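J.: structural data only, the sequence is not supplied:
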C-alpha cells in the first residue's frame, strides 16, 4: 500500500515552453502533497505545499506564477513549470504524507532538462 | 527559520567499520524523524525512522538514536558494506501547518572495500 505515482520520469523541453508533472496517490487519499526540487549534489528543497480544494502554499523565494500547482482531487496534484529556462533543469519530486500520521511516501521523481 | 543541520557532509569508511551521521533540528514540537538513503539518479528511500516517544530504534545493521532535550538524532550503520555507499538525508517535520518535512543537507557516504 501507500504507493505514489509520478509522471513523467524524464522530460526534455525547449526553453520557453511549459511542462506538467503529475503526482498521484494510487491507493489512498491525500489532501496535502509537497513538491521538492533537488539540484545535483544538493539536498531536497521544499518548493510548495499542495492543498486539495485550496491554493497552494509556496516557500519563500519560489515564484508561484512560474510553478503552478493544482490539487485537482484527493489523489492528484500537478506541478506545471511555465516558461521553462535552462536554470529550471532539476529533479522534481513529490512527497505525500500518509493518513494517520504514519509517515510519508515519495513519488518516483521527474528529471527535467530544459534545452 | 526552522531548519535541520546535518554533519558530516562526506564520510569515508573502510568496509566493516561503523558510520555515524548526526542531525540537529530546531522545532521542539517535531515528533517524527526519518532517515533516507538516496542512490544516484533515484528517489530517496526510507531506511529507518523514529518517533519522539522512544530514544532508540534498531533494524539489523542500522540504528537511530534521538535526544529530544538536545534536539538531535543520529544514524548509526554498523559493519558497513560497499552497497551502503550513497547519500543519506535526515529530516524533521515542522509542527505548524501540514507537517512539511525539512531535509538536512545530506551526507555522502563512501564505503571502501
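T.: Thanks, I have the structure now. All values derive from a computational prediction rather than experimental measurement.

J.: use CA for all of it now, contacts and neighbours both
T.: Will do.

J.: where along chain A do the strands fall?
T.: Applying DSSP state E to chain A gives strands spanning A:4-7, A:10-13, A:19-25, A:32-38, A:45-51, A:57-58, A:67-73, A:76-81, A:90-97, A:104-106, A:110-114.

J.: okay, now residue B:68: neighbour count?
T.: 18 (other CA atoms under 10 Å in any protein chain shown).

J.: got it, and the one 4 residues further on?
T.: Other residues near residue B:72 come to 18 when the count uses other CA under 10 Å.

J.: next, the contact list for it, please.
T.: Applying CA atoms under 8 Å, 6 or more residues apart in numbering or on different chains, we find residue B:72 in contact with B:22-25, B:66.

J.: quick one: contacts for residue B:92?
T.: For residue B:92, the contact set (CA under 8 Å, 6+ apart) comprises B:4, B:25, B:30-34, B:101-103.

J.: which single residue in chain B comes nearest to chain A?
T.: Here chain B gets closest to chain A at one residue, residue B:105, 5.0 Å apart by CA to the nearest CA.

J.: ok, and the closest non-adjacent residue to that residue?
T.: Closest residue in space to residue B:105, ignoring its immediate chain neighbours: residue A:43 at 5.0 Å, by CA to CA, 6 or more residues apart in numbering or on different chains.

J.: now do that neighbour against residue B:44, distance only.
T.: Distance, residue A:43 to residue B:44, by CA to CA, to the nearest Å: 11 Å.

J.: quick one, which of those two is more surrounded?
T.: Per other CA under 10 Å, whichever of residue A:43 and residue B:44 has more neighbours is residue B:44, with 22 against 19.

J.: how about that one, what does it touch?
T.: So residue B:44 contacts A:106, B:36-38 (CA under 8 Å, 6+ apart).

J.: top of these by number of neighbours, please.
T.: residue A:106 (24 neighbours).

J.: that one reaches residue A:4, doesn't it?
T.: Yes. With contacts counted by CA atoms under 8 Å, residue A:106 reaches residue A:4, the gap being 6.6 Å.

J.: roughly how far apart are the residue of chain A found nearest chain B and residue B:79?
T.: Using CA to the nearest CA, residue A:43 is the residue of chain A that sits closest to chain B, at 5.0 Å. Plainly put, residue A:43 is 26 Å away from residue B:79 if you go by CA to CA.

J.: show me the contacts for residue A:62.
T.: A:47-48.

J.: swap in the one 3 residues further on?
T.: Neighbour list for residue A:65: residue A:82 [criterion: CA under 8 Å, 6+ apart].
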